[in-house]
Structures are given as C-alpha cells and as structure tokens.
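Undergrad: below are the sequence and a predicted model; questions follow.
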Amino acid sequence: MGRKLRRVDSPARHDWRETARDCGFQFHTIEGDLYWDESVRYEFSLEEIERDLEEPTQELHGMCMDLVDLLVRTPERLAMLGIPRSQWDFVCDSWKRGDPHLYGRMDFSYDGNGPAKLLELNYDTPTSLYEASFFQWVWMEQMRDRGDLPDGVDQYNRIHEDLLEVLAHLRALAGVARPDEPAFVFTAVAESDEDRGTTQYLQDLASQSGFPTRFVDIFDIGVDAEGRLTDTSDEVIQRIFKLYPWEWLFAEEFSKHLATTPTAWLEPPWKAILSNKGVLPLLWERHPGHPNLLEAHFEEAPDHALPAGWVRKPVHSREGSNVRIRPVRGAEIVVDGPYGDGPAVRQAYHPLPNFDGRYALVGSWVIGDRASGIGMREDSTLITRDTSRFVPHVIL
Amino acid sequence: MKRSRVLKLSLLGTAPLALVACGSKDRDLTYESVQDCIEEGKVTPKACSTAFDESFKVHYRQAPRFYSEGSCLTEYGNCLRYQENGTSFWIPALGGFLAGRYVHSYGNTRRPYIITHGDYGYRPLYRSRDDWDRGTWSTWGGGSGSGGSLTTRTYGSSRSSWGTGSSSSGSSSRISTSSVSRGGFGGSSSARGGWGGS
C-alpha cells in the first residue's frame, strides 16, 4: 500500500471562531498568531494510522512502563535523569504502590514512508490535549455534516472517551463520593490561557465522573504546620491534578513537604522519570535498533562540538527550548531558552517531514495505558515550539 | 470507528454542550430494550439479548456514583438508589445499551458488526439531562464489558494513593486546617519565563 498521508487545503468553517467561543476554546490565537489552523488538514489512511502510529505507540508505551519498573529498582540511575536524591523514595514508592496515571504524549516524525520515529515523550505535562481531543473532533463532525468532508470520514481520536474511562477507574478506586468528600484540586499557572484551558477541560471531565472539583492557582497552594498541602479554603489537599512539571516542583520551596502531605497526585510522582529526555538513551540502550527509536546517548562532555547529524537536548527542556541541531549539511540550528544548565542527551538527527514548506509533527496520545489518538502540529522551522500551529487530521 | 462517539462538557464554554458523533446514517446500534433491538433486525436476536445481559451486568459496577439523588440528577435524567457493602448511593438508571457498532473498514466499505471482546465491547448507556431533551445518548466511562486492555498494573491499585486502602488519602473526608505559609510552588514558571505545559 503506497503512501496516503498528505496535507491538503481545507475550507475553514465560516463560524469557527464562534464555535470556539461556545466550546470554551480560548487559546485558538496566541499572542496575535493563529494557533488553531483549519485552513489545511492532514489525511491518513487507516493502515497508516493503525500500523504506523497506533501500534507503535502502544508498544513504546509498554517499553516505557518496563523501563520505569527497572529504574525504580536501581534508584541511583535516577541521578542521571536529574531527579534529586531527596525525592527518590517519593518517586519510587509511587510506582511500587501502583499509583495510577492519566495521560502522556509521544512526539513522532512520520512522513507516511517507513516507521514513525520517536523524538520525545511528554508524559508529565503534555498540552494540546483539548484541541486534539475535543475541538478537532467537533471540527470533523461539523465539516462532515455540512458536506465539506465525505460521509465515510473518520479520525483517530478516542481521547475524550478514554479520559472519561480513566477517571471512572479513579472514581472507583476512591470509593463512593460522600457529602464531606474533599475537593479534587486542579492546579496550574492560572495566568497561562493555554494551561488554564487544558486544566479546565480535565476538571470538567472529573466533575462529570462524580468528583467535587476546585481550581487553585499553583501560587496559592499553602502548607499547614504538619507539612500538609492546603487549598485556598484551608483544607488539606488530598487529591490533586497539576499541569506543572515534577522537576519544577522538586526545585521549589514546598518540595520538602512532598514526603509528608497525604496527597494523591496526577500525574503521579513516578512520571518524573518519563518527563525527561534521559529516557531516550535509556530506551535505546534496552532496545537498540528498534524501528521506532532513534539512536541516543547521554552527553559525556558538554563542551564537545556536536557532530554532524546529531541533535542536543537538555534532559529538562520544554517546548523546544535550548535544542541544538547539527544537520549533516548546512548550518547549525539553535533555539535559545532558559534550560541551558544541567545534563543533556544527544539523539540521531531525523528531520521532520516537510509538507508544502511546513514541518509536521505527530503528537500521539496515550490515555491510561491505551494509544488513543493524535494531534498534528506544524511549524515553519524544524523545531516544534509552543507557538507551532495545531492542524486537524482525518482518516479517509 | 476510531473516534469518540459522544462529547459532552458541562463547565467549559458558554452553554452545556452535548455533541453526538454519529449521523443518522451510521449511528451505533443503541437500543432501549431487547425487543427494539430484535425488531430492527440489524443483528440476531441472540446478539441482542447477549448485549443487554452484558451491559446490565457491568452497569452496577461501572455507573457513576453519587451521594445524593440531587447531585445525580444534575447530570442524569433519571437516577436510582443502590446499595453495596452497606453503603447506599445513587446511580443513573440504565437507559439503554450498545449492541454493535458500524466499523469503518479500509476502502470505505461499511458493515456493522458486533465486537465481543477487546476495546469496544457492549456497554450500558445513560441519558444525561440534555439527552432527554435531545433524544440522544451518553456513554460513560466503562469500557468493554469483557475487560478490555486496561488492566495493567500502572492503572492503579487499591493500595495506590487513590485507593481507599491507602495510608495517604484513605480518609476521604475533608480536613480543615490552618495554612502557615503560601507561595512555595510556582516560582520556576516565572524564573523560566514560561508555563508548565509541554
């Protein structure tokens, strides 16, 4: 079967901004630039979705879970991932007692020919969730109903249903809701429209699942005299979802209370292991030559020049910051950012495919432990950043 | 079909939103009764009764649980009282069941078939308050009636921090206290000039 994947022009719905407003999608335009872009779409075959994205995502997820299971038995290796020694027990215990998790996103380079290559994992604070799960879905339904997409159109996107399913499991674990049940607290940096929006979406789903919920700005979290974290009503936080990275929490003043607070976390502390680009060389070490992996190593000497054909990524960097690419030919590409410090990994360079002058990235979602759907991002440069546009996809 | 069938948001946006995935031409095989299912004749009578039995079996286990009829009724159109291990709570009434689904197979040919195992088994259906007005369905969590693929260890155990058997959040009652300090989290976001997401 030949390649089907293509990028095509797509008529934007005349009323998409009103629809976005009605759906609570506030961040479709970021700092004056379009973020949600439905003037184009990506078209996949079902085979490309199932064989090249869904199955590899499921398999890689299993490999990641195995890796965590291995690392918690050899905690000294957590040092290589930049996890502070004082938090090793907190992280490892969370895995050993089976703390559940909600979601993660794998970023792939995939052009429809040959295997998708894993560029990195975002398993702690993945964003672009709502637009993939919800607004992309609404787009497809409306486009089809208005005759702009054929009746047989589909989309690889069970994300919304699968999120509800995980929350149903959490509700079942937590037992029957009681009138005096503590609020399930949702926290993020409230000032960020994008993070606030993603958090609000998940808060909505949790409410539908029978949890009483409350949003608390991350800056407003408090602590009591017994080292228990508190919300703005001076109640002990017993369940919390945070859209805020573990490595940041570990570096902040209240990290000393993590061991004493009786709080159940989403994502759980063991996600600190997978939020980290150090996972890439560790996966390669265990599965060298795997068709969906790129060769990767920890950087031994940071001052060494980057050889041609390699990419340098700090283990803790976000949204493309501080990434250096040295292509086989041509000039080095550098993105500035605040993550210059700390350990780094080197990964074999595998450029993103170029469609009509745009570089496309596949974000493949894992909800609970299931490969659930994708969201496409594209950028005019080779590095996908927080401003890269989100573009919908269909299966035809 | 590789997408969600129903999306519903209650807090986001300007109005409660319930969107139904399937147009009338390729709707899922959803029924209120075994009789309806048999009369439509899309699947065999035996498949109809199996789908109902399986959905009913998981209904009590999987239905969302509420501590009062009122809170249940804010989400669902019809609720009933249910007791388990001496605790009583409210769950939405079983509104119907899913007996099969149109699968969009490669090459755009369609045929309905019933999946008896794997990700998409039979499932109970509930009518939300909005659904009553619109004549639509909501599914809720649940997954397949036959176990699905969600039982790996990472999914959480009763010993986990979410479990009632855990030492951490086992109390499941509110605890009021006095905060002695605030602002100990969040600093990295301003130092990094960014937010938490990636």
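TA: Looks like it arrived, so ask away. For clarity, every value in this text was computed on a predicted model and none was experimentally measured. Numbering: from 1, shown residues only, chains lettered A, B, ... in the order given.
Undergrad: could you identify the helix or strand that succeeds whichever strand or helix holds residue A:169?
TA: Residue A:169 belongs to helix A:159-174 when assigned by DSSP states H and E. Counting by DSSP H and E, the element after helix A:159-174 in chain order, helix or strand, is strand A:184-188.
Undergrad: which residue is the nearest non-sequential neighbour of residue A:157?
TA: Nearest residue to residue A:157, sequence neighbours excluded (Cβ to Cβ, 6 or more residues apart in numbering or on different chains): residue A:373, at 3.8 Å. From N, CA and C alone the C-beta is placed, and that goes for glycine too.
Undergrad: residue ranges for the helices of chain A, please.
TA: A:16-22, A:46-47, A:55-71, A:88-96, A:129-130, A:136-145, A:159-174, A:193-208, A:246-251, A:271-274, A:279-286 (DSSP state H).
Undergrad: can you get me a residue count around the residue nearest to residue A:157?
TA: 30 (other Cβ atoms under 10 Å in any protein chain shown).
Undergrad: returning to that earlier point: reformat the helices of chain A as a markdown table; add mean pLDDT.
TA: Formatted as a markdown table, those follow (pLDDT from 0 to 100):
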| stretch | mean pLDDT |
| --- | --- |
| helix A:16-22 | 87 |
| helix A:46-47 | 92 |
| helix A:55-71 | 91 |
| helix A:88-96 | 93 |
| helix A:129-130 | 94 |
| helix A:136-145 | 90 |
| helix A:159-174 | 86 |
| helix A:193-208 | 88 |
| helix A:246-251 | 94 |
| helix A:271-274 | 94 |
| helix A:279-286 | 94 |
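Undergrad: quick check: closest non-adjacent residue to residue 88.
TA: You didn't pick a chain, so chain A it is. Residue nearest to residue A:88 in three dimensions, not counting chain neighbours: residue A:75, with 4.5 Å by Cβ to Cβ, 6+ apart.
Undergrad: switch to chain B, please.
TA: That would be residue B:81: by Cβ to Cβ, 6+ apart, it lies 6.0 Å from residue B:88.
Undergrad: in stretch A:349-365, what counts as buried?
TA: A:349, A:352-353, A:355, A:358-365 (16 or more other Cβ atoms under 10 Å in any protein chain shown).
Undergrad: pretty sure residue A:180 contacts residue B:67?
TA: No. Look at residue A:180 against residue B:67 with Cβ atoms under 8 Å: they stay out of range, at 9.2 Å.
Undergrad: which one's more surrounded, the two?
TA: The neighbour comparison of residue A:180 against residue B:67 (other Cβ under 10 Å) goes to residue B:67, with 19 against 10.
Undergrad: could you check the pLDDT of that one?
TA: Residue B:67 is assigned 72 on the pLDDT scale.
Undergrad: show me what contacts it?
TA: Shown in contact with residue B:67 (Cβ atoms under 8 Å, 6 or more residues apart in numbering or on different chains): A:176-179, A:181, B:89-90.
Undergrad: change it to 6 Å
TA: A:177-179, B:89 (Cβ atoms under 6 Å, 6 or more residues apart in numbering or on different chains).
Undergrad: and the gap between it and residue B:83?
TA: When Cβ to Cβ, to the nearest Å is the yardstick, residue B:67 and residue B:83 sit 13 Å from each other.
Undergrad: shaky segments in chain B?
TA: Scanning chain B for pLDDT under 70 picks out B:5-28, B:101-121, B:128-160, B:164-172, B:191-198.
Undergrad: just the strands in it please.
TA: Secondary structure of chain B by DSSP state E: the strands cover B:6-9, B:17-20, B:29-31, B:79-84, B:87-92, B:96-104, B:110-113, B:123-125, B:179-182.
Undergrad: quick one, helices of chain B?
TA: B:34-40, B:45-62, B:69-75, B:129-134, B:187-191.
Undergrad: any chance of these in CSV, plus mean neighbour count?
TA: CSV is the format used below for the helices of chain B (neighbours: other Cβ atoms under 10 Å in any protein chain shown):
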stretch, mean neighbour count
helix B:34-40, 15
helix B:45-62, 18
helix B:69-75, 16
helix B:129-134, 15
helix B:187-191, 16
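Undergrad: which one of those lies closest to residue B:161?
TA: helix B:45-62 (22.2 Å; Cβ to Cβ).
Undergrad: show me what that closest one is packed up against.
TA: When contacts are defined as 3 or more Cβ pairs under 6 Å, 6 or more residues apart in numbering or on different chains; DSSP states H and E, helix B:45-62 packs onto helix B:34-40, strand B:96-104, strand B:123-125.
Undergrad: find the nearest non-adjacent residue to the residue of the stretch 251-396 of chain A found nearest chain B, please.
TA: Across the stretch 251-396 of chain A, the shortest distance to chain B (Cβ to the nearest Cβ) belongs to residue A:254, at 3.3 Å. Leaving aside its sequence neighbours, residue A:254 sits nearest to residue B:184 (Cβ to Cβ, 6+ apart; 3.3 Å).
Undergrad: how about whichever residue of the stretch 1-150 of chain A sits closest to chain B, phi and psi?
TA: Residue nearest to chain B within the stretch 1-150 of chain A (Cβ to the nearest Cβ): residue A:100, separated by 2.7 Å. Backbone torsions for residue A:100, taken as degrees, to the nearest 10, come to phi -70, psi 160.
Undergrad: show me the contacts for the residue lying closest to residue A:136 once chain neighbours are set aside.
TA: Setting aside the residues directly before and after it, residue A:136 is nearest to residue A:392 in space (Cβ to Cβ, 6+ apart), at 4.7 Å. Residues near residue A:392 by Cβ under 6 Å, 6+ apart: A:38, A:41, A:136, A:139.
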